[in-house]
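Participant: Predicted coordinates and the sequence they were generated for:
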Amino acid sequence: MSSTLDRKNLLWEGSRMFLPEHREALSRQREKQEDFIPPELDEDQLQEINRIILEALHSDFPVLVKYVKNKRLHQSCGFIKKVHPDEHWLKIANGHHEEIIPFSAVCGVEKE
């Protein structure tokens, strides 16, 4: 078979076009497929995350926090500076960059 598609309508093959509505629909479909769905954490995993966060807060060693933001998986490496149990967030700092991460967004914590 040749390198061109065997479609019998070669005159119009190079000038295909999408309607704007179709292009938007395809774009939304691609974005939806790329959305990160966080895993359900069981009680043991939540306790392990809590233990590492508290240990890092008191012992001052760096951690890698994996969290969901805007339906995407993000990672932040640094030191836990503050944990606010009433407002349900933690602050992680790396040099001059600080980030506040809600507890509900956290899906993993690892020692660095």
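Facilitator: Good, I have the coordinates.
Participant: From here on, just use CA atoms for contacts and neighbour counts.
Facilitator: OK.
Participant: Mind naming the longest helix for this structure?
Facilitator: Across the chain, the longest stretch assigned as helix under DSSP state H is helix 43-59.
Participant: From the chain's centroid, how far away is it?
Facilitator: Distance, stretch centre to chain centre, for helix 43-59: 21 Å (C-alpha atoms, centre = their mean, to the nearest Å).
Participant: So for the following helix or strand past it, what gets flagged as buried?
Facilitator: Remark: after helix 43-59, the chain's next helix or strand is strand 63-69, criterion DSSP states H and E. Under the neighbour-count criterion of 16 or more other C-alpha atoms under 10 Å, strand 63-69 has 63-68 buried.
Participant: residues in contact with F79?
Facilitator: Residues near F79 by C-alpha atoms under 8 Å, 6 or more residues apart in numbering: 56-57, 60-63, 92-94.
Participant: And those, which of them are buried?
Facilitator: If we count by 16+ other C-alpha under 10 Å, the contacts of F79 have these buried: 56-57, 62-63, 92-93.
Participant: could the residues you listed go into TSV alongside pLDDT?
Facilitator: Output for the buried ones among the contacts of F79, formatted as TSV (pLDDT from 0 to 100):
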residue	pLDDT
A56	93
L57	91
P62	94
V63	95
I92	95
A93	93
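Participant: and which of the residues you listed is nearest to L41?
Facilitator: V63 (18.8 Å; C-alpha to C-alpha).
Participant: check contacts around the closest one.
Facilitator: Counting by C-alpha under 8 Å, 6+ apart, V63 has contacts 56, 77-80, 109-112.
Participant: Check the secondary structure at the nearest residue to R72 once chain neighbours are set aside for me.
Facilitator: Spatial nearest neighbour of R72, chain neighbours left out: F36 (5.2 Å); criterion: C-alpha to C-alpha, 6 or more residues apart in numbering. Judged by DSSP: H, G, I helix; E, B strand; the rest coil, the three-state class of F36 is coil.
Participant: That'll do, ta.
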